[in-house]
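> here is my input, please return the structure:
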Amino acid sequence: MKENFFRSMTWLHTWVGLLVCWLLFLIFFAGTISFFKDEITYWSEPETHTITHQDNRLDKQRQQINYAVEQLQNKAADSSSWRIYLPEPRNPLYTYSYAEPKQPEQRRAKFTETYLDPATNEEIAPPRETKGGYFFYRLHFDLHYIDVRTARWLVCLASLFMLIALITGVVIHKRIFKDMFSFRKNKGSRSWLDAHNVSSVLALPFHIMITYTGLITLIFMVFPYPAQTVYEKGLQQMFNEASPIRARVESSDVPAPLVSMNTILDQVYTRSPDADIGFFFIRDANKESSRVSVYLNTGKEVVDNGAAFLFSGSTGELLAEQGKDWSASARFYDSMTALHAGRLASPLLRWLYFLCGIAGCAMIATGCIMWAKRLRERLKPQQQAGVGLKLVETLNLATLMGLPFATASFFIANRLLPLEMVARADKEILVFFLAWLAMTVLAIISSSKRQWQLAAWLNALVCFAVPLVNAMTTEGNWISYLLTQNWALFCVDFGFIIAGSLFILQGKKLRTASKKVSTRRFQKPKELKEQQG
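The predicted model follows:
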């Protein structure tokens, strides 16, 4: 009974992991990068690199809001929506925007955005069009190019398989703590198993947390039935009651002057003396139905949606407050979302998230490589590999080596594509997928060790090209970033240098392994037996 149980768990662990491992690698890879999405977006907009982070930004928030509202009154008093984004610790930009009249064919109104220097309130040139780190954030659960709902169902399914694989992995590892310190190199599939065990066990709490909380973030898509049973209008009514400041009111044509922003800010600072305002929304300004929404940054709190306030724009009356009287279940859901996104993280904790994410990528990669290695080792001398094994080997090379190649190409495209190009941000994303497609074609041609070596050299080339192209096309480089202590820009450039160095080591290791295989092929049977003995 015991033997059958462990065999069943081993079978389940192997197949639930293998069936979705390439999708899981994409989710983990893009999700890990997106822990630094703000820093990547900052790197992707070199036009903003001259803006310095304000040390006293909280003291200037009242003045910045009043100035932006004054400008919006002058430029777009009749606009249906105003938005003001204030500088944050990870994003120095200070912007305001207004909605243009919505066209019949448009789903959403287009916004005209103005960028300001937070120190002087002077307008600056808008940065280049790019998705930056936000692309990777959306990619890890929307998968791009796929219908959003379908993509999220696929991600949910993959996450569920991942959770099962983690649980069964713990069950079948009888020596789970010993495996943390065991690694036998040059032992074929045994070495890959050791690498799989080490990368799995060292960050096991993170892997379970990030997988479980990922499922929780999409739980209402998977299980909408309780909300549909309790609420007459289903999920929308539930969300409106949970967050009343997001509820929309019918627009009125009755004119009414906008109340002074100081009246609203005084109430915000009375309720939250240390308020750190992230963004400021005004709907239907100068109308009786106007609403002012004030959202505070969460800081280091384990919450995804921080405190927020809804005011009447015509009277200044407080209409709703978010985060004050939440139920235990609402707070649990919000906390799980915050843990998954890592928005609460300080720089040190964010790096820990990132490193654990890298361990997750290594766990998935070593697992699918190990499966192929084991099957390859079991083949008889004259036996040909089956379709299943060839497919797995092709997908391994295409995914594990293709995603890093595509990512570096995305960063290079950010610097080299013409600034005036139409839909420039979409073209950057197109370069990402074309680069991935190129690596996939290379894998389809052959997934031999020689192709892996070529892929490693190509990845090293594009990784080193990122800081080089950046230095050639902008006024900064990783050395100047280091000297000026601009750590966000330095880490992006230096991260690619480290990645390129690792790919060089991989290429050299594969070349050494190939030479050993070639030497063994030309040895006489007696010499080969003596060497193995």
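
> part of a strand, is Y115?
Yes: counting by DSSP: H, G, I helix; E, B strand; the rest coil, Y115 is found in a strand.

> against A68, how distant is it?
Plainly put, Y115 is 11 Å away from A68 if you go by CB to CB, to the nearest Å. Glycine gets a C-beta too; all of them are placed from N, C-alpha and C.

> repeat for I124
Applying CB to CB to I124 and A68 gives a distance of 14 Å.

> that older thread, so which of Y115 and A68 has more stuff around it?
A68 (25 against 20; other CB atoms under 10 Å).

> list the contacts of the more buried one.
I84, Y96, L116, F280 (CB atoms under 8 Å, 6 or more residues apart in numbering).

> the third one: how many residues sit nearby?
Look at L116: counted by other CB under 10 Å, it has 20 neighbours.

> swap in the first one?
The local packing count at I84 equals 24, with neighbours defined by other CB under 10 Å.

> do the last one as well
The local packing count at F280 equals 24, with neighbours defined by other CB under 10 Å.

> who's it bridged to?
I84, V294 (DSSP bridges).

> identify the contacts common to Y115 and A68.
By CB under 8 Å, 6+ apart, no residue touches both Y115 and A68.

> give me the phi and psi for A99.
phi -80, psi 130 (degrees, to the nearest 10).

> mind checking pLDDT for it?
The model reports A99 with a pLDDT of 91.

> isn't it up against D78?
No: counting by CB atoms under 8 Å, A99 stays clear of D78, with 10.3 Å between them.

> who has more neighbours, those two?
Taking other CB under 10 Å, A99 and D78 do not tie; A99 has more neighbours (17 against 10).

> list the contacts of that one.
With CB under 8 Å, 6+ apart, A99 has these contacts: S79, S80, S81, W82, A109, K110, F111.

> what residues sit buried inside the longest helix along the chain?
The longest helix of the chain (DSSP state H) is helix 487-521. Neighbour-count burial for helix 487-521, counted by 16 or more other CB atoms under 10 Å, picks out 488-496, 499-500, 503-504, 506-507, 510.

> check stretch 161-169 too.
Under the neighbour-count criterion of 16+ other CB under 10 Å, stretch 161-169 has F161, M162, L163, I164, A165, L166, T168, G169 buried.

> show me the strands in this structure, by range?
All strands of the chain, identified by DSSP state E, fall at 81-85, 94-99, 111-116, 123-124, 277-283, 291-296, 308-312, 318-322.

> do you know which of the ones you listed lies nearest Q453?
strand 111-116 (45.8 Å; CB to CB).

> for N121, which non-adjacent residue is spatially closest?
Spatially, and ignoring its direct neighbours in sequence, N121 is nearest to Y67 (5.4 Å; CB to CB, 6 or more residues apart in numbering).

> typed the wrong thing, it's P404
N459 (5.2 Å).

> how deep is the one you found tucked in, by neighbour count?
25.

> isn't it up against A408?
Yes: N459 is within contact range of A408, at 7.1 Å (criterion: CB under 8 Å).

> hey, what's in contact with both of these two?
With CB under 8 Å, 6+ apart as the test, N459 and A408 both reach A499.

> which helices and strands does the longest helix of the chain pack with?
helix 37-44, helix 402-416, helix 449-473, helix 478-483 (3 or more CB pairs under 8 Å, 6 or more residues apart in numbering; DSSP states H and E).

> for the chain, which residues score under the pLDDT cut-off?
In the predicted model of the chain, residues 1-3, 106, 176-183, 186-188, 513-533 satisfy pLDDT under 70.

> if you set the cut-off to 50 instead, what comes out?
Within the chain, the segments meeting pLDDT under 50 span 1, 518-533.

> how distant is stretch 361-378 from the center of its chain?
Taking the mean of its C-alpha atoms, stretch 361-378 sits 26 Å from the chain's own mean (CA atoms, centre = their mean, to the nearest Å).

> buried residues, that stretch. List them.
So stretch 361-378, judged by 16+ other CB under 10 Å, has buried residues 361-375.

> spatially, which two of the residues you listed are the most separated?
Counting by CB to CB, the most remote pair of the buried residues of stretch 361-378 is C361 and L375, 22.3 Å apart.

> looking at the buried residues of stretch 361-378, which one is closest to S252?
Lowest distance from S252 to the buried residues of stretch 361-378 (CB to CB) belongs to C361, with 52.3 Å.

> OK, contacts around that closest one?
Here C361 is in contact with F25, F28, F29, T32 (CB under 8 Å, 6+ apart).

> next: G367.
Neighbour list for G367: G17, L18, C21, H196 [criterion: CB under 8 Å, 6+ apart].

> what do you get if the cut-off is 7 Å, keeping everything else the same?
G17, C21, H196 (CB atoms under 7 Å, 6 or more residues apart in numbering).

> just W452 next, same as before
Listed by CB under 7 Å, 6+ apart, the contact set of W452 reads L397, L510.

> mind checking how far it is from L265?
59 Å.

> okay, now the nearest residue to M209 once chain neighbours are set aside: neighbour count?
Counting by CB to CB, 6+ apart, M209 lies nearest to L339, which is 6.3 Å off, once chain neighbours are set aside. The tally of other residues near L339 (other CB under 10 Å) stands at 21.

> use 39 as the first number from now on
Yes, from this point I'll number from 39; that puts the last item at L377.

> re the thing from before, in CSV, list the contacts of C399 along with neighbour count and distance to F43.
Listed next are these as CSV, based on neighbours: other CB atoms under 10 Å; distance: CB to CB, whole Å:
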residue, neighbour count, distance to F43
F63, 24, 29
F66, 25, 29
F67, 25, 34
T70, 21, 34
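
> if we can go back for a sec, can you tell me which of the buried residues of helix 525-559 is nearest E270?
A526 (47.6 Å).

> quick one: residues contacting the closest one.
E77, Y80, W81.

> what's the answer for L231, then?
M408.

> check Y307 too.
So Y307 contacts A313 (CB under 7 Å, 6+ apart).

> circling back: which of the strands of the chain sits closest to M459?
Short answer: strand 149-154, nearest of those by CB to CB, at 18.6 Å.

> give me the angle between the closest one and strand 132-137.
Here strand 149-154 points in a direction 160 degrees away from that of strand 132-137 (axes from the mean of the first three to the mean of the last three CA atoms, to 10 degrees).

> got the angle between strand 149-154 and strand 119-123?
Put simply, strand 149-154 runs at 30 degrees to strand 119-123, going by the same axes, to 10 degrees.

> chain center to the longest helix of the chain: distance?
25 Å.

> quick one on the thing from earlier: top of the contacts of A526 by neighbour count?
So for those (other CB under 10 Å), the most neighbours sit at W81, 29 neighbours.

> could you list every residue that touches that residue?
A526, L527, V530.

> and of those, the nearest to W230?
V530 (30.7 Å).

> what's the distance between the residue nearest to that closest one when sequence neighbours are not counted and F534?
Computed as CB to CB, 6+ apart, the closest residue to V530 that is not its neighbour in sequence is W81, at 4.5 Å. Using CB to CB, W81 is found at 11 Å from F534.

> equivalent analysis for F528, please.
F528 is 11 Å from F534, by CB to CB.

> how about W474?
Per CB to CB, W474 is found 17 Å from F534.

> try L181
The value you get for L181 to F534, if CB to CB is used, is 24 Å.
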